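Provide a 3D model corresponding to the input given below.
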Amino acid sequence: MRREIENRILIRNRHQISNFKEETVPEALLNVKTLWDTITGLSVDELKDRLPNQLILNSRVGTLESGTIYYRARIMGVKNWQNAGHWGTSQFWETPQSLVKHWGRLNRPNESVFYLSSDILQTFKEIRYQTEANKDYAVVVNSYKVVKPIHATQIGYYDKSVSVANIYSKMVNDIFSLPSERYGEGVYKLSNYLSNFYNFVPDNAAAFLFTPVLDPIDNVFNLAIEPSDAHKYFNYNGSIIIPSYKDSIDGNISVEWANNADFNRLYPAENLKWIYENFKIKF
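Alright, predicted model coming up:
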């Protein structure tokens, strides 16, 4: 998650600069509406031109306390999970830089970022597990537990009050939830650019919280964290294998395999309490 210095002035106090002309709420609303009218195919340079020179954004820090559990899912690429073969422990963490070929929400090609979600069902959306192309495949969901508090800046935080800061912050929030299959890979370039207006919390993990994709549930967040920090602030907590999405609709999840943090196999029917404690799945 590279941070780049922008020439644009980010301001939270009108007295910070001389001759500051505050944008009105109607002006901001019109500007954002014009942006959304052309969001498909919008380039970073075009976004820069649309944003005001003095951009006002809200700021908020969220804390993941020790013991907090986050999740990461991966489609296994086989319709019968028993044919998946051997999985090494390295496959449960970040993707090697050399294998990152495309832009992501907060990464560029050849840049590895560790992405997690606070909700297991949201991980299905993140990997598009609910789509026709993927619904028959097995998926592995990994659980990670916070071992020391993470203070992460929330990108796109806004409240319900009417203000210019809320208008632009909501715009950022909504851009972060756009699916690339509908709007193109360019939406990831926009989110990467917009992240430069936010700072990491000093003396803590290089981490951001942001809105998940596809009609996110309230109070569900994704976390993007530098891989080196992920290993410092999280412990691997275990995994489950779900045989197919079509058999797991509306949270009616079927679990065929479970293993704990030491990669010892656990039989799901005999470990329902462990599954609930580590994946929040009720049977």
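
lowest-scoring secondary structure element of this protein by mean pLDDT?
Within the chain, no helix or strand scores below strand 9-10, which has a mean of 56 by mean pLDDT, DSSP states H and E.

could you export the following helix or strand past it as PDB, keeping only the C-alpha atoms?
Moving toward the C-terminus from strand 9-10, the next helix or strand (DSSP states H and E) is helix 25-37. Only the C-alpha atoms of helix 25-37 are listed here, as PDB (Å, rounded to 0.1, in the frame of the first residue of the first chain):
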ATOM      1  CA  VAL A  25     -22.900  21.800  -0.100                       C
ATOM      2  CA  PRO A  26     -24.800  22.300  -3.400                       C
ATOM      3  CA  GLU A  27     -21.600  22.700  -5.300                       C
ATOM      4  CA  ALA A  28     -20.100  19.600  -3.800                       C
ATOM      5  CA  LEU A  29     -23.300  17.600  -4.500                       C
ATOM      6  CA  LEU A  30     -23.300  18.700  -8.100                       C
ATOM      7  CA  ASN A  31     -19.600  17.900  -8.500                       C
ATOM      8  CA  VAL A  32     -20.000  14.400  -7.100                       C
ATOM      9  CA  LYS A  33     -23.100  13.800  -9.200                       C
ATOM     10  CA  THR A  34     -21.200  14.700 -12.400                       C
ATOM     11  CA  LEU A  35     -18.400  12.300 -11.300                       C
ATOM     12  CA  TRP A  36     -20.900   9.400 -10.800                       C
ATOM     13  CA  ASP A  37     -22.400  10.100 -14.200                       C
END
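
would you map the strands across this protein?
9-10, 54-55, 61-64, 69-75, 114-117, 139-146, 150-154, 207-210, 222-225, 234-242, 257-259, 265-266 (DSSP state E).

will you turn those strands into JSON lines that also has distance to residue 25?
Quick note: C-beta positions are derived from backbone N, CA and C, even for glycine. As requested, the strands of the chain are exported to JSON lines (distance: least, C-beta to C-beta, whole Å):
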{"stretch": "strand 9-10", "distance to residue 25": "19"}
{"stretch": "strand 54-55", "distance to residue 25": "15"}
{"stretch": "strand 61-64", "distance to residue 25": "26"}
{"stretch": "strand 69-75", "distance to residue 25": "36"}
{"stretch": "strand 114-117", "distance to residue 25": "33"}
{"stretch": "strand 139-146", "distance to residue 25": "39"}
{"stretch": "strand 150-154", "distance to residue 25": "23"}
{"stretch": "strand 207-210", "distance to residue 25": "25"}
{"stretch": "strand 222-225", "distance to residue 25": "29"}
{"stretch": "strand 234-242", "distance to residue 25": "41"}
{"stretch": "strand 257-259", "distance to residue 25": "52"}
{"stretch": "strand 265-266", "distance to residue 25": "55"}
